[in-house]
Every structure is written in structure tokens, then in C-alpha cells.
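Engineer: Sharing a sequence plus its predicted fold:
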Amino acid sequence: MLRYIALAMAFAPHLGDAVKDKAKILDEAHKVTAHEDGDNLVLQTYQDVEPAMEYAKARRREDAENRGRCGRMGDMHMTMSIPFNIIQTICAQYGLDFFNADDAKKIVAIAKRDYPAFKTSVGH
């Protein structure tokens with residue numbers, strides 16, 4: 001069975017009112033500020049993850065309703081929608097690099113364990 005992960009708030013177009021303007025939501029959701037601390041430049045990121053949590057909740061509900069009596073799913077389905085700042089946090093905490101295939105798998109496993117609100121399907 002194939003699965004995929006939607007990173008940094010990838011939205012399904014069929015949700016209509018759940019996401020009206022994807023670019024606007026991403027722009028409003030992710031902010032980066034910078035300030036100097038002595039000789040260092042400190043970057044702080046902020047992302048409102050509530051829209052991603054609501055999106056994931058709607059997808060979980062849809063997934064549960066569309067599974068049918070036997071609990072079957074198609075061959076390919078979304079399992080999580082992970083906001084960018086969550087990925088950054090996991091990478092920083094565990095010293096992982098998302099662009100390394102082995103590390104990416106670890107990041108997804110950690111996200112599934114520590115951030116279940118971003119799961120978009122039931123049972124995974």
C-alpha cells in the first residue's frame with residue numbers, strides 16, 4: 001500500500017470552504033523574524049498551526065466516513081499534513097535532516113508519535 005505525507009500544509013481542492021485561499025493561509029500562518037544578539041543573528045519562526053489541525057481533523061473524519069464496512073482504503077492516501085515549523089522543530093530537537101531519506105522517515109515517525117493532531121487518516 002502506498003502512502004504519502006503532505007508537507008507544510010498541502011490542501012486538497014475538494015474541501016472547498018475548508019481552504020479558500022491556500023497561498024494566503026500559508027503566508028498568514030508562517031512568519032519569520034530576525035534580531036541581532038551580539039555577534040549572532042537570531043531567526044525566530046512562528047506558524048499558526050490551527051488551520052492545519054482543522055484540515056487534518058476534517059480529513060480524518062472524511063477518511064473514517066469513506067472507508068466502508070470493511071475498513072478498506074485505496075492504494076494511495078494521505079496520512080499526515082505536517083506544518084513546516086513542526087518539521088523544523090523535530091529536526092532541531094533530534095539533529096535530523098529532512099533531505100536525508102533515512103532521517104525523513106524518522107521525522108515522520110516522530111511526528112506520528114508526538115503530533116497526532118496532524119494525522120489525516122484513521123488507523124495510521
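Structural biologist: Now that the structure is in, tell me what you want to look at.

Engineer: Can you tell me, leaving aside adjacent residues, what's nearest to Val32?
Structural biologist: Distance criterion CB to CB, 6 or more residues apart in numbering; nearest residue to Val32, sequence neighbours excluded, is Thr45 at 5.2 Å. Just so you know, the C-beta spots here come from the backbone N, C-alpha and C atoms, and that holds for glycine as well.

Engineer: unless I'm mixing things up, the one you found is touching Asn85, no?
Structural biologist: Yes - using CB atoms under 8 Å, Thr45 is in contact with Asn85, at 5.3 Å.

Engineer: Between the two, which contacts overlap?
Structural biologist: Contact criterion CB atoms under 8 Å, 6 or more residues apart in numbering; residues shared by Thr45 and Asn85: His30.

Engineer: before we move on, the earlier item: pLDDT score for the residue nearest to Val32?
Structural biologist: Per-residue confidence (pLDDT) for Thr45: 78.

Engineer: now the host helix or strand of Ile87: mean pLDDT?
Structural biologist: Take DSSP states H and E as the rule and Ile87 turns out to sit in helix 84-94. Averaged across helix 84-94, pLDDT comes to 91.
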